[in-house]
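*Asks:* what shape does this take:
(chains A and B)
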Amino acid sequence: MSSNKEAKYILSCVFNVSVNDIKLDVRLDNYVHWDSLGHMRLVLYLENFLGRSIEIEEVLSITDLDSIQKLIDSKL
Amino acid sequence: MRIITENLGEIIDGISGEIYTKEKLAKEINKRTGILYKLGVTRGNKILILHGGTPSFFADLLSVWNVGACAACVNPDLTKPEVQNIYDFIKPEVVLVSSGDSKNIPKEAKIINLSKDGFNGVIDPGNMPSNIDDDALILFTSGTTGTPKGVVHTFRSLLSRFSLNEEKISENEMQVTLCPLPTYFGHGLIGNSLTPLLSGQSLVLIPGNDLSVLSKLGEIIDKYNITFMSSVPSMWKIAIKVSKPPVAKSLTRIHVGSAPLSSRVWNDIIKWSGINNVVNMYGITETANWVAGASALDHKPEDGLIGRIWGGDISVYTKDGLIKSKGKGEILLKTSSIMTGYYKLPDLNDSVFIDGWFRTGDIGIIDDNKVAKLTGRKKFEINRAGLKIHPEDIDFLLENHPHVKEACAFSIPDPIAGEIVGVAICMEEESETDISKLRSWCFENISKEKVPEKWFLLDEIPKNDRGKVNRFDVSKACI
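*Replies:* Numbers count the residues shown, from 1 in each chain, chains lettered A, B, ... in the order given. Prediction:
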């Protein structure tokens, strides 16, 4: 998958929406499903994917597709 | 009911920094009482308060009570159709708002912003008669899309609950209280806010569903020297993950309620906060919120443990139809803080009482020492992060959509929220099936938390041999 496509896929899984519903400029503060509960589900999903715990600073740095993709790429 | 303003505490908006000192709060209550009085608001009137979570909200609420009227506090994020539905049901004399944004409020409503208008007169309390058994508060627990289910409390039942709470929570513990909860439901309003405020303590308000705020929870606790706070398990799951713990050691007591608290999360809160006095609370709107609690100071954290009742009595209604003081069954309660009933729903009132006991719909066990533990739930409700959602509200809404033939909502376990909303739908023949469009339509017609997160498209909703839908069976078929 090319850049951010994996991030989009993960968000679509976490928020139970179609990948096509995830816009490229989706952010923590501009998407109705990405509230505090949605964010924690995303963190849990990423922790399972990465096989490790995500620390506080990283949790707060996950705000858009780029930051999610960066975390994903750190494993690959 | 005349509010003795000299006895009130101060209120701080923990985000904006706005402070209503005791003096300012008293002045605002006097001013707003005067405006309501001049408008002709009086004993027995219903006032819809469509804002919350700020010092101004409490000034409005206490002013409404000062003139002897009844306040209906609702979620300011309700959609336009939901607000219209509640408005039509309770027919309030006035709708109180906090800003110019009144687009969701019916055009025929009398909308007032009490913080903007002025009044410089003196009110004679003798002109505002009220009775302790008058209706004081209506809190809606469901039915925003159908028949609203409003729990009614009198001044008497509320005062009783404040007194019972004060017997269990000392003034020292409540000295500086943090409320991260919404003020349109009993936990945030009655337990977490009014109990300390009316006993003269300080109240700090923050929006506990905002991730950026939760990430600073430890700092906020230290900044204001918070001694007491209450919240829901899901908020703690998030806060513990995103916030460093407090360091100033001001906390003396923490309550957790509105949703099941696992022993694991209970222990996590103890570790994060640095105190053992973390209390798993049991409360329902019908009993004016908190009615029992188990502290880790006295009990080893255990799933479902809620301790002894706070004033009143507790029993179980067994499968054999007997009411027993111990054993397993549906939890029944008797308390002086019990509601008078559901607003304009007398048939429903009859169905929730048995021989003077209130039927909670929760299943539990009471031991020989009258210590109770919850083990399950009989009622069909979805507990999403502490917010109770009645699946019928969602069925009703969706079945009003022209393309939906039948709908059945149910709860789905979730590691963060506890439960989320799932729905099985059956479409009308030859209707297009675009779940994302249906979901968007839901966002326009029902508040965000109630919009189903998982959708299951079925050819037919499963029914039993009597043709009735059983939600457990539907959820089993889908998940």
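*Asks:* what residues does chain B have near chain A?
*Replies:* B:209-211, B:214-215, B:234, B:237-238, B:241-244, B:385, B:414-417, B:436, B:439, B:443, B:448, B:453-455 (C-beta under 8 Å from any C-beta of the partner chain). Heads up, the C-betas are built off the backbone N, CA and C, glycines and all.
*Asks:* could you rerun that using 6 Å?
*Replies:* Proximity of chain B to chain A (C-beta under 6 Å from any C-beta of the partner chain) is limited to residues B:209, B:211, B:215, B:238, B:242, B:385, B:416-417, B:436, B:453-454.
*Asks:* can you check the pLDDT for the residue nearest the centre of chain B?
*Replies:* For chain B, the residue nearest the mean C-alpha position is residue B:185 (2.3 Å; C-alpha atoms, centre = their mean). Predicted confidence (pLDDT) at residue B:185: the value is 94.
*Asks:* who's in contact with it?
*Replies:* Applying C-beta atoms under 6 Å, 6 or more residues apart in numbering or on different chains, we find residue B:185 in contact with no residue.
*Asks:* and for the closest residue to chain A within the stretch 51-200 of chain B, nearest residue in space, chain neighbours not counted?
*Replies:* At 11.0 Å from chain A, residue B:180 is the closest residue in the stretch 51-200 of chain B, using C-beta to the nearest C-beta. Spatial nearest neighbour of residue B:180, excluding adjacent residues (C-beta to C-beta, 6 or more residues apart in numbering or on different chains): residue B:208 at 2.7 Å.
*Asks:* can you get me a residue count around that neighbour?
*Replies:* 26 (other C-beta atoms under 10 Å in any protein chain shown).
*Asks:* residue B:30 now?
*Replies:* Each residue near residue B:30 was counted by other C-beta under 10 Å, and the total is 19.
*Asks:* also residue A:53?
*Replies:* 10.
*Asks:* likewise for residue A:24?
*Replies:* Neighbours of residue A:24 using other C-beta under 10 Å come to 9.
*Asks:* ok, now residue B:258?
*Replies:* Residue B:258, neighbours per other C-beta under 10 Å, totals 29.
*Asks:* so where's chain B shaky on pLDDT?
*Replies:* Within chain B, the stretches with pLDDT under 70 are B:100-101, B:117-129.
*Asks:* dump the residue contacts of the spatially most central residue of chain A.
*Replies:* Nearest residue to the geometric centre of chain A (C-alpha atoms, centre = their mean): residue A:68, 4.6 Å. Neighbour list for residue A:68: A:7, A:62 [criterion: C-beta under 6 Å, 6+ apart].
*Asks:* from residue B:289, how far out is it?
*Replies:* Distance of residue A:68 to residue B:289, computed by C-beta to C-beta, to the nearest Å: 39 Å.
*Asks:* same deal with residue B:467?
*Replies:* According to C-beta to C-beta, residue B:467 and residue B:289 sit 39 Å apart.
*Asks:* the more surrounded of these two?
*Replies:* More crowded of residue B:467 and residue B:289, by other C-beta under 10 Å: residue B:289, with 29 against 6.
*Asks:* do I have it right that the more buried one meets residue B:193?
*Replies:* No - applying C-beta atoms under 6 Å as the test, residue B:289 and residue B:193 come out as separate, 10.4 Å apart.
*Asks:* who in chain A is up against chain B?
*Replies:* Residues of chain A found near chain B (C-beta under 6 Å from any C-beta) are A:16, A:21, A:36-37, A:39-41, A:56, A:59-60.
*Asks:* mind running it again at 8 Å?
*Replies:* A:15-18, A:21, A:28, A:32-33, A:35-37, A:39-41, A:43-44, A:56, A:59-60.
*Asks:* buried subset of the residues you listed?
*Replies:* Using 16 or more other C-beta atoms under 10 Å in any protein chain shown as the burial test, the residues of chain A next to chain B include A:15-17, A:21, A:28, A:33, A:35-37, A:39-41, A:43-44, A:59-60 as buried.
*Asks:* quick one: which of those residues is nearest residue B:321?
*Replies:* Nearest to residue B:321 among those: residue A:37, at 39.9 Å, using C-beta to C-beta.
*Asks:* can you dump the C-alpha coordinates of the helix or strand harbouring the closest one into PDB?
*Replies:* Assigned by DSSP states H and E, residue A:37 belongs to helix A:36-50. Provided in PDB are the C-alpha atoms of helix A:36-50 (Å, rounded to 0.1, in the frame of the first residue of the first chain):
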ATOM      1  CA  SER A  36     -11.900  10.900  22.700                       C
ATOM      2  CA  LEU A  37     -13.500   7.400  22.700                       C
ATOM      3  CA  GLY A  38     -12.600   7.000  19.000                       C
ATOM      4  CA  HIS A  39      -9.100   8.100  19.700                       C
ATOM      5  CA  MET A  40      -8.600   5.500  22.400                       C
ATOM      6  CA  ARG A  41     -10.000   2.800  20.000                       C
ATOM      7  CA  LEU A  42      -7.500   3.900  17.500                       C
ATOM      8  CA  VAL A  43      -4.700   3.700  20.000                       C
ATOM      9  CA  LEU A  44      -5.700   0.200  21.100                       C
ATOM     10  CA  TYR A  45      -5.800  -0.900  17.400                       C
ATOM     11  CA  LEU A  46      -2.400   0.600  16.800                       C
ATOM     12  CA  GLU A  47      -1.000  -1.000  19.900                       C
ATOM     13  CA  ASN A  48      -2.200  -4.400  18.700                       C
ATOM     14  CA  PHE A  49      -0.800  -3.800  15.300                       C
ATOM     15  CA  LEU A  50       2.600  -2.600  16.500                       C
END
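*Asks:* quick one: contacts of that helix?
*Replies:* Outside helix A:36-50, the residues within contact range by C-beta atoms under 8 Å, 6 or more residues apart in numbering or on different chains are A:10-11, A:13-15, A:28, A:34, A:53-54, A:59, A:62, A:68, A:71-72, A:74-75, B:209-211, B:214, B:234, B:237-238, B:241, B:385, B:414-417.
*Asks:* in strands only, show me the residues you listed.
*Replies:* Counting by DSSP state E, these place residue B:414 in strands.
*Asks:* buried ones from the contacts of helix A:36-50, can you make that a ChimeraX selection?
*Replies:* Command for ChimeraX that selects the buried part of the contacts of helix A:36-50, burial taken from 16+ other C-beta under 10 Å:
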select /A:10,11,14,15,28,34,54,59,62,68,71,72 /B:209,211,214,234,237,238,241,385,414,416,417
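*Asks:* show the pLDDT at the residue nearest to the centre of chain A.
*Replies:* At residue A:68, pLDDT is 95.
*Asks:* same question, residue A:1
*Replies:* 44.
*Asks:* domains in chain B, by residue range?
*Replies:* Here the domain parsing of chain B from automatic domain parsing is B:5-372, B:382-478.
*Asks:* pLDDT weak spots in chain A?
*Replies:* Across chain A (using pLDDT under 70), the flagged ranges come out as A:1-3, A:76.
*Asks:* fine by me, we can end here.
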